[in-house]
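> Sequence below, structure please.
(chains A and B)
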Amino acid sequence: MHGKALPYLLLMPATLFLCIFFLYPFALVAFEAVSRDGAFTLDNFRTMAGSWKFPVTVRNTLLLAAIVVPIQLVMALLMASVVSRLETGRSAALYVFAIPLGISDLAAGMIWLAIFDQSGFLNTLLSSLGVVDRPVMFLGYQSKLTIFIAVALAEIWRATAIMMVILVAGMGLIPKEYYEAAEVFGASPWQRFRRITLPLLRPSLQTAIILRVILAFEVFAVVAALGGTNLPVLMGETYNWQFTLQDRNVAAASALLILAISIGFTLFFLRVLRVPKEARI
Amino acid sequence: MNAITESPVAATADARKAGDLLLVATALLLCVWVLLPIYLLIVNALSSPDQVTAFPKRFFPSFDLGSLSFFINFAGVARALWNSVLVATLTMILAIGFGAPAGYALSRFDFPGKGAFRFLVLMTRAFPLPLLALPLAVMFIRTGLDDTAIGLALVHTTLALPFAVLIAFSLFSGIPVELEEAAWTLGCTRWQAFRKVILPLALPGIAASAVFAFTISWNEVFAAAVLTIENRTLTAFLLQSLGESPLYLKFAGGAALVVPALIFIFAVRKYLFAMWGIANR
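This is a model prediction of the structure:
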């Protein structure tokens, strides 16, 4: 009877695939990062860290994540709460909130370019309100702050949906009885949110934050569309090392740095937002 | 007397009404936040090139197809569109072909190694996967897969496969095993029972996860830009021509990326939570 072998046969294609296209390239990128022409060296990391752009790049990437992710967390919680309390139009609101989930980061960059460009909609609005007399250059090389704000807004707009969807799914798992009991004892909506929703939502919050933080370190196309090279970020610099500077060992070192930061933050949030097994619903 | 007993009730009813109003207002405001930027991009895409670069801007489209026809006739765009569709279709086939059997095995069997496989799948989420395109670029040159649709589709499949596995797992888990067993007692073989009883029930969900795999590939920018040179996808094409392309080309291209995404998300809206809800466990 082949009953015992069947699950393994079914899993084999996916497992082989992940070994060849996930584990193996991961080993390769680690090897390329610490070697040059076959010999072990840490020069690639030195070259990467020695570039004048490197400190700015790291600072931009971390700052962007530090500003964008908390705002998104609050907005996602707001969206999820609204959706779970809405009686009419619930599915319509859900669909609208989820739309950015399907939108490419490059397209999101184009969308916000339409707003922030010199001949764009924001300038039109500002000049018709009389705030400015002539269109302002928001995305020029001298206006790093407005580029940063535009990128942050585009990121918040684009990737809040992914957290919202996870949180809505998580809120659906919380038993209604808890809220009814709290209401009987006179808990206000805010108290119910703080004392019931937030603690019981912890596993979903953990997943949402981890996924979102990893995506935040991958920010690339939004920045390319809005800031060009004026706002260097880690992923963009990795791309530059590979193509403009044609040094794939340093590109690999840069990639490994992003991987290390991502894994570091994943472990951090797994620990900080740990949920004991018996506390799960 | 009557007034005294009624007033607290009336007060809570008033508070409730105000709360409902606030809820609806917040929901509408959040919908505007999501939809307005998309609308502005569409306004640009449906205006003539002159109107796109003009200032001040009109907030309504002129329904001039100048920008769009310029975009479609621009050298390389038609081919890039075709490549995007081709790569996304291949990704969809690979992800479902590998992922669905694995999801079925996870839902129906208990076997040693099950935990290890789940860990492997979940681990992919802690990595910025597009980075793995860097080492694969070298491997592809050696194996002749460089700059081919199938090569890029393989990388996109690493992004889509974990979703395909987890969605299939939750879909098959939702179909009672008794249905299958009943078919066996009526003389069906394992394969016949699967094809005639289980598959028709799972098919809509599988189709949704196929659409999701298509969307992931359609939107991916970094790996596409790293791995394709001649056979660029639409995202890679738009990214690499950011520097020199005129605004109306960018906006028309952005709209070309966004509109299919809107349809995709609409098509899978029912399954969004099955896709993300299960990611919590």
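
> any low-confidence regions in chain A?
Low-confidence segments of chain A, defined by pLDDT under 70: A:1-3, A:277-281.

> Setting the sequence-adjacent residues aside, check what's closest to A:V58.
Nearest residue to A:V58, sequence neighbours excluded (CB to CB, 6 or more residues apart in numbering or on different chains): A:L234, at 6.8 Å. Heads up, the C-betas are built off the backbone N, CA and C, glycines and all.

> so where do the helices sit in the stretch 1-150 of chain A?
A:6-18, A:24-33, A:43-50, A:54-85, A:90-98, A:105-116, A:121-128, A:144-172 (DSSP state H, counting those that start in this stretch).

> tilt between the helix or strand hosting B:F214 and helix A:105-116?
Using DSSP states H and E, B:F214 falls within helix B:199-219. Angle of helix B:199-219 versus helix A:105-116, following axes from the mean of the first three to the mean of the last three CA atoms, to 10 degrees, is 50 degrees.

> Are helix B:199-219 and chain A in contact anywhere?
Yes - using CB under 8 Å from any CB of the partner chain, helix B:199-219 reaches chain A at B:T215, B:W218, B:N219.

> Restricted to buried residues, select those in PyMOL.
This is how PyMOL selects the buried members of the residues of helix B:199-219 next to chain A, with burial counted by 16 or more other CB atoms under 10 Å in any protein chain shown:
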select buried, chain B and resi 215+218+219
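
> With pLDDT and distance to A:N240 as new columns, can the residues of helix B:199-219 next to chain A be given to me in TSV?
Below are the residues of helix B:199-219 next to chain A laid out as TSV (pLDDT from 0 to 100; distance: CB to CB, whole Å):
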residue	pLDDT	distance to A:N240
B:T215	91	28
B:W218	93	25
B:N219	92	22
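
> Just give me the closest of the residues of helix B:199-219 next to chain A to chain A.
Set against chain A, the nearest of the residues of helix B:199-219 next to chain A by CB to the nearest CB is B:N219 (3.5 Å).

> got a list of what the closest one touches?
B:N219 makes contact with A:G102, A:I103, A:S104, A:D105, A:L106, A:A107, B:T235, B:L257, B:A261, according to CB atoms under 8 Å, 6 or more residues apart in numbering or on different chains.

> got the helices of the stretch 1-150 of chain A as a markdown table, with mean neighbour count columns?
Formatted as a markdown table, the helices of the stretch 1-150 of chain A follow (neighbours: other CB atoms under 10 Å in any protein chain shown):
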| stretch | mean neighbour count |
| --- | --- |
| helix A:6-18 | 18 |
| helix A:24-33 | 19 |
| helix A:43-50 | 16 |
| helix A:54-85 | 18 |
| helix A:90-98 | 19 |
| helix A:105-116 | 27 |
| helix A:121-128 | 18 |
| helix A:144-172 | 22 |
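
> Adding distance to A:T197, write those helices out as CSV.
Compiled in CSV, those are given as follows (distance: least, CB to CB, whole Å):
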stretch, distance to A:T197
helix A:6-18, 36
helix A:24-33, 37
helix A:43-50, 43
helix A:54-85, 7
helix A:90-98, 17
helix A:105-116, 29
helix A:121-128, 36
helix A:144-172, 7
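
> mind checking which of those helices is nearest B:S67?
helix A:105-116 (11.8 Å; CB to CB).

> which residues of chain B score low on pLDDT?
B:1-11, B:274-281.

> at 50 what do you get?
By pLDDT under 50, the low-scoring segments of chain B are B:1-5, B:279-281.

> so who does A:R36 touch?
A:R36 neighbours (CB under 8 Å, 6+ apart): A:D43, A:N44, A:N249.

> Let me know whether the residue nearest to A:V58 touches A:T57 as I believe.
Yes - using CB atoms under 8 Å, A:L234 is in contact with A:T57, at 5.7 Å.

> element containing the spatially most central residue of chain A, please.
In chain A, the centroid-proximal residue (CA atoms, centre = their mean) is A:L215; its distance is 3.0 Å. Following DSSP H and E, one finds A:L215 within helix A:202-217.

> before we move on, what about B:I263?
Using DSSP H and E, B:I263 falls in helix B:247-267.

> buried residues in that helix?
B:247-258, B:260-261, B:264-265, B:267.

> what helices or strands is that helix leaning on?
Packing partners of helix B:247-267 (3 or more CB pairs under 8 Å, 6 or more residues apart in numbering or on different chains; DSSP states H and E): helix A:90-98, helix A:105-116, helix B:2-45, helix B:49-53, helix B:66-73, helix B:199-219, helix B:234-240.

> Now do that helix against helix B:66-73: the angle between them, please.
80 degrees.

> Could you export helix B:247-267 as CSV, CA atoms only?
This file holds the C-alpha atoms of helix B:247-267, laid out as CSV (Å, rounded to 0.1, in the frame of the first residue of the first chain):
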residue,chain,number,x,y,z
LEU,B,247,5.2,62.2,-17.2
TYR,B,248,2.3,61.1,-19.3
LEU,B,249,4.1,57.8,-20.1
LYS,B,250,4.6,57.1,-16.4
PHE,B,251,1.0,57.8,-15.5
ALA,B,252,-0.4,55.8,-18.4
GLY,B,253,1.9,53.0,-17.3
GLY,B,254,0.9,53.3,-13.7
ALA,B,255,-2.8,53.0,-14.7
ALA,B,256,-2.0,50.0,-16.8
LEU,B,257,-0.5,48.4,-13.7
VAL,B,258,-3.4,49.5,-11.4
VAL,B,259,-6.5,48.7,-13.4
PRO,B,260,-5.9,44.9,-13.6
ALA,B,261,-5.0,44.9,-9.9
LEU,B,262,-8.4,46.4,-9.1
ILE,B,263,-10.1,43.6,-11.0
PHE,B,264,-7.9,40.9,-9.4
ILE,B,265,-8.7,42.1,-5.9
PHE,B,266,-12.3,42.4,-6.7
ALA,B,267,-12.3,38.8,-8.0
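
> mind checking how far that helix is from the chain centre?
On the basis of CA atoms, centre = their mean, to the nearest Å, helix B:247-267 is displaced by 13 Å from the centre of the chain it belongs to.
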